[in-house]
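Enquirer: Give me the fold of what follows.
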Amino acid sequence: MQRGKQVDKKDDDCLLLASTKPLSRKRRGNGRTLPSGGKRILKKLRVASNRDNDLEDEMLVDELEEDKMDDDSSLLTSTKPSSRKRRANGEILPSCGKRISKKRCAASNRDIDLEGEMLLIDELEEDMELRFLLKLRRQSRSRSRGCKKVIEGSTEETGVENYEARDTTASPKPSSCSSVDDNNICAATDVKGDGEDDLKCHQCMKERINVISCTNCKQKSYCMRCVKQWYPHMKVKDIEALCPFCRKNCNCNGCLHSTGIIQTSKREIDNREQAEHLRYLISSMLPFLKQICEEQTREIEIEANIQGISSSEMEISQTLCYNDERVFCNQCATSIIDLHRSCPECSYELCLSCCHEIRKGSFSDCGELKFQYMNRGYEYIHGGDPLPDSCPVKTSENCLESLAKWNANDDGSVTCAPKDMGGCNNCKLELKRVLPRGWISNLEVKAIELLRVWPTEHKTLETENTGSREEILKKAASRDGSDDNYLYCPNSNTIEEDLFRFRKHWLNGEPVVVQNVLAQLAGLSWEPMVMWRALSENMESETNSKLLEVKAIDCLAGCQVEINTREFFEGYTEGRTYDNLWPEMLKLKDWPPSDKFEDLLPRHCDEFISALPYQEYTDPRNGILNLAVKLPIGVLKPDMGPKTYIAYGIAEELGRGDSVTKLHCDMSDAVNILTHTVEVKLTGEQQSSIAKIKKLHEAQDEKEGVKPCRWCSETDGHGPDGATFTGGALWDIFRREDVSKLEAYLRKHSREFRHTYCSPVERVDHPIHDQSFYLTSEHKRKLKEEFGIEPWTFDQKLGEAVFIPAGCPHQVRNLKSCTKVAVDFVSPENIHECLRLTEEFRRLPRNHRAREDKLEIKKMIIYGVDQAVKDLEALVNPS
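Expert: Coordinates of the predicted model:
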């Protein structure tokens, strides 16, 4: 018996490069280095106070320096210092006199670029603080020396406290040489004199001089430092008119961990439309519910014959199963929803599909996969010689552990599995049930009766909603004699009444691309650093320490590496290379490391759900046509997302080590939104090094007898009819009817591909489910030439949502550094594909990465029909 509480089971297909030499990496820096405010303050103050040379002044400056440095590093207080070198290309600051002149210009020009204004304002704040503190200290010392006694209230602590708590309506009395400058501070920063509250920045929750107060809510203020760092796209006048909090895109720690700020549902569905959706769902699911009932009826009749009684006299005992458990077949790892067979001695459990195969004599167990790729070292990965003790695998034979035969008895009963299959081979398996007796068959009768009495309005609604508007289509393939070369690509602002157009293409198994889904939202930042800050500031110390390091996939070696989180995100923006300047492509899968995205980043989760098109299907909480949300409370649910995918990327196709998601096929439907991109360009030096290393790769291929399909540079970055790709990610999605030819091509040319540790592909269990292949542009050309098939190929631009139907193999290459957010859903149109894939997965080797039935589609069918029947009855007979 396999039972267990749901755990976010990561794919263990990647192994840690423990035995290889550490990958030394270089990073190109293109960020500007800001001046070190703390050091500049210390230097100025020492010059100004040479006449007094008071030790207390030095201590005060050190405190101010620490505060300033703490402010500048507030983002990453808990991270390890980076050992990377960065090229600074910032401008040299002018002298003090010239800087004052520029400040006056900045105060008068309201449309000045925010970055330049920010730098000036920060310097002004520092100068003002220094002048005021120095003057305050000197006045205190002169009074003490003149009276020869300490006056109460004139100590250092009191002076500083009074400075911090002063009302900004009355500026501190400046020295004569700087009076103009101090007046310009108030003008440039738009500080409102409403009291102490206006000094506190809503973002960092610190009291600041240079804050911008919102004229809309008259409550929130943002300091210039936070505006520059976290809202670089906003101007001062924009924040004055409507602050980020009023715009509902504030990314402070408090707002990012709040829910309910925005409405996630785009439109209300009236009772008529809701009833029609429910009827459509029930009618779509009913054939599959009947199949489940027929399978169970056959097993009951077999058991009745074994016992020599009629099926109506059968008593089937109920097995103990808790709601927070998932019950799987010990043989094929398929989810058990109700009737199954169980051993009374060793608790071995067998699904009805396995029982049927054993009786037919068609049962075959693929055994356990023993094959594993060897790590041949760092030099080998880059085209050099392998390590001396790492010999290549010569053959892939005998990689599966052979298992004993398993046959049924003459009367149809099945004895427990042989010991080498995990059973005891002693007792006959008994028929057991999980659900109440007759629950599924009664549900079928109720669904049929409800459909009979409820009239259909599907055609009427379809006519009402489709209208006469022309479809927006985009060419994505050039198949001869085919009418599906174009994909449906509507704009997000026109899809509210467009559900039936979507359904028409979705029923045909075609992908759909919806444009500009982020345009209608509040504009919350999807920068990875913003999400990471929200996580690190809200976590407990133990959990937070785990976020300092992330486990990323090295796309060249195809294995898992650990890297400092800040360094990873810096590489996301600036690029990373190995020692030989070959681009280092890293990617994070399912980050943050939890299946509770909604709990860790609730504001981002709400933003993503509100961006989802066709929420009747995609809403992971309330989608009326999404079977994944129909499971009752308390029943263990599969992890459907949302999940983030953060990866590096460059436009050039390398051939090895590209930032890709290899060819695979998801068990359910999915929608993927590109939320953030950064373009990283290769330098001329890198281009030259890449050309040299590619020659090493070619020589290595010839030496090993590998015949790779060479990439063709003229086809890079181009799609059908030579269209240029300018988006963030390149998608290839294959039609379902082409899967058999695609598999044949991959088996035929498997030795032209490399997989883990850049080793040639040695074994193919399933060409698609192994996730060992990525077809380059030249491979796709060769596939069309030999087998006459090609995928839909298109680039995904920022803010576009890509819908991938279940059963369509697909692959992705990142043309830029990308952040994508995806969620899985189960539509009634593609249930047959979910069932087909479940059947394929159960025939894979025991320890294959794709074998587990994570979706539990049969459980979704029965509970989906049950919930839809209840909801429709409530509409027909409201209480």
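
Enquirer: tell me which element Arg813 is part of?
Expert: Here Arg813, judged by DSSP states H and E, is contained in strand 810-814.

Enquirer: And the pLDDT at Leu120?
Expert: pLDDT, Leu120: 50.

Enquirer: Only C-alpha atoms, please: export stretch 677-688 in CSV.
Expert: The C-alpha coordinates for stretch 677-688 follow below in CSV (Å, rounded to 0.1, in the frame of the first residue of the first chain):
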residue,chain,number,x,y,z
THR,A,677,12.1,40.3,-19.0
VAL,A,678,15.6,41.7,-19.1
GLU,A,679,17.7,41.7,-22.3
VAL,A,680,21.3,40.5,-21.8
LYS,A,681,23.5,41.1,-24.8
LEU,A,682,26.8,39.3,-25.6
THR,A,683,30.0,41.3,-25.9
GLY,A,684,32.3,41.0,-28.9
GLU,A,685,34.7,39.1,-26.8
GLN,A,686,32.1,36.6,-25.8
GLN,A,687,31.0,36.2,-29.4
SER,A,688,34.6,35.3,-30.4
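
Enquirer: And the strands in the stretch 401-550 of the chain?
Expert: 430-432, 473-475, 486-488, 512-514, 549-554 (DSSP state E, counting those that start in this stretch).

Enquirer: From what I see, Val512 and Ser492 are in contact.
Expert: No. Counting by C-beta atoms under 8 Å, Val512 does not reach Ser492; the two are 11.9 Å apart. From N, CA and C alone the C-beta is placed, and that goes for glycine too.

Enquirer: before we move on, the earlier item: and among the strands of the stretch 401-550 of the chain, the most buried is which?
Expert: strand 512-514 (a mean of 23; mean count of other C-beta atoms under 10 Å).

Enquirer: hang on, the earlier thing: just checking, which helix or strand succeeds the strand holding Arg813 along the chain?
Expert: strand 817-825.

Enquirer: Show me what that next one is in contact with.
Expert: Strand 817-825 is contacted by residues 526-528, 572-573, 604, 608, 612, 617-618, 620, 623, 626, 628, 640-649, 666, 668-680, 728-729 when judged by C-beta atoms under 8 Å, 6 or more residues apart in numbering.

Enquirer: now, which of those lie within helices?
Expert: Judged by DSSP state H, helices contain the following of the contacts of strand 817-825: 528, 572-573, 604, 608, 617-618.

Enquirer: For those, give me a markdown table that also has neighbour count.
Expert: Compiled in a markdown table, those are given as follows (neighbours: other C-beta atoms under 10 Å):
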| residue | neighbour count |
| --- | --- |
| Pro528 | 22 |
| Tyr572 | 25 |
| Thr573 | 18 |
| His604 | 23 |
| Phe608 | 27 |
| Tyr617 | 25 |
| Thr618 | 22 |
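
Enquirer: How far does the strand holding Arg813 sit from its chain's centre?
Expert: Taking C-alpha atoms, centre = their mean, to the nearest Å, one finds strand 810-814 lying 14 Å from the centre of the chain it belongs to.

Enquirer: What average pLDDT does that strand get?
Expert: 97.

Enquirer: so what does it touch, helix or strand wise?
Expert: strand 660-664, strand 729-733 (3 or more C-beta pairs under 8 Å, 6 or more residues apart in numbering; DSSP states H and E).

Enquirer: Does the helix or strand hosting Ala874 pack against any helices or strands, and if so which?
Expert: In this assignment (DSSP H and E), Ala874 forms part of helix 857-876. Using 3+ C-beta pairs under 8 Å, 6+ apart, the elements in contact with helix 857-876 are helix 271-307, helix 439-453, helix 831-841.

Enquirer: what about the ones you listed, which gets the closest to Lys475?
Expert: helix 831-841 (25.2 Å; C-beta to C-beta).

Enquirer: Residues touching the closest one, excluding its own?
Expert: Taking C-beta under 8 Å, 6+ apart as the rule, helix 831-841 contacts 284-285, 288, 333-334, 353, 509, 627, 665, 667-668, 736, 766, 769, 805-807, 826, 850-853, 855, 857-858, 861.

Enquirer: beta partners for the most centrally placed residue in the chain?
Expert: For the chain, the residue nearest the mean C-alpha position is Thr644 (0.9 Å; C-alpha atoms, centre = their mean). Residues in a beta bridge with Thr644, per DSSP bridges, are Trp591, Val821.

Enquirer: How about the contacts made by it?
Expert: 531, 588, 590-592, 597, 819-821.

Enquirer: Tell me which two of the residues you listed sit farthest apart.
Expert: Pro592 and Lys820 (14.4 Å).

Enquirer: which of these two has more neighbours?
Expert: Lys820 (23 against 20; other C-beta atoms under 10 Å).

Enquirer: Can you give me the distance of the more buried one to Glu743?
Expert: 27 Å (C-beta to C-beta, to the nearest Å).

Enquirer: go on, Arg576?
Expert: Arg576 is 35 Å from Glu743, by C-beta to C-beta.

Enquirer: Give the buried residues for the strand holding Arg813.
Expert: Neighbour-count burial for strand 810-814 flags 810-814 (criterion: 16 or more other C-beta atoms under 10 Å).

Enquirer: Could you do stretch 498-506 as well?
Expert: Buried-residue list, stretch 498-506, by 16+ other C-beta under 10 Å: 498-499, 501-503, 505-506.

Enquirer: and what of stretch 319-328?
Expert: 319, 325-328.

Enquirer: shaky segments in the stretch 351-500 of the chain?
Expert: Applying pLDDT under 70 to the stretch 351-500 of the chain flags residues 366, 390-404, 455-469, 497.

Enquirer: need the helices for it, in chain order.
Expert: 352-360, 378-381, 439-453, 458-466, 499-507 (DSSP state H, counting those that start in this stretch).

Enquirer: wait, which of those helices is closest to Gly260?
Expert: Set against Gly260 and scored by C-beta to C-beta, those come closest in helix 499-507, at 26.3 Å.

Enquirer: so the closest one versus helix 271-307, what angle?
Expert: Counting by axes from the mean of the first three to the mean of the last three C-alpha atoms, to 10 degrees, helix 499-507 lies at 30 degrees to helix 271-307.

Enquirer: list the helices and strands helix 499-507 packs on?
Expert: Using 3+ C-beta pairs under 8 Å, 6+ apart: helix 499-507 touches helix 458-466, strand 486-488, strand 512-514.

Enquirer: For the stretch 501-650 of the chain, which residues score under the pLDDT cut-off?
Expert: For the stretch 501-650 of the chain, the ranges with pLDDT under 70 are 538-547, 590, 593-595.

Enquirer: rewinding a little: pull out the buried residues from the contacts of helix 831-841.
Expert: Buried, going by 16+ other C-beta under 10 Å: 284-285, 288, 333-334, 353, 509, 627, 665, 667-668, 736, 766, 769, 805-807, 826, 850-853, 855, 857-858, 861, out of the contacts of helix 831-841.

Enquirer: can you pick the most crowded of the contacts of Thr644?
Expert: Val821 leads the contacts of Thr644 on contacts (other C-beta under 10 Å) with 27 neighbours.

Enquirer: per-residue confidence at that residue?
Expert: pLDDT, Val821: 95.

Enquirer: Quick check: the gap between it and Val530.
Expert: Counting by C-beta to C-beta, the gap from Val821 to Val530 is 13 Å.

Enquirer: Kindly report the same for Glu379.
Expert: For Glu379 relative to Val530 (C-beta to C-beta), the value is 39 Å.

Enquirer: Give me the more crowded residue out of these two.
Expert: More neighbours surround Val530 than the other of Glu379 and Val530, with 19 against 14 (other C-beta under 10 Å).

Enquirer: is it true that that one touches Pro232?
Expert: No. Contact criterion C-beta under 8 Å: Val530 and Pro232 do not qualify, at 11.5 Å.

Enquirer: The closest residue to Phe825 other than its chain neighbours: what's it in contact with?
Expert: Distances taken as C-beta to C-beta, 6 or more residues apart in numbering put Asn626 closest to Phe825, at 4.7 Å, once the chain neighbours are dropped. By C-beta under 8 Å, 6+ apart, Asn626 lies in contact with 616-620, 825-827.
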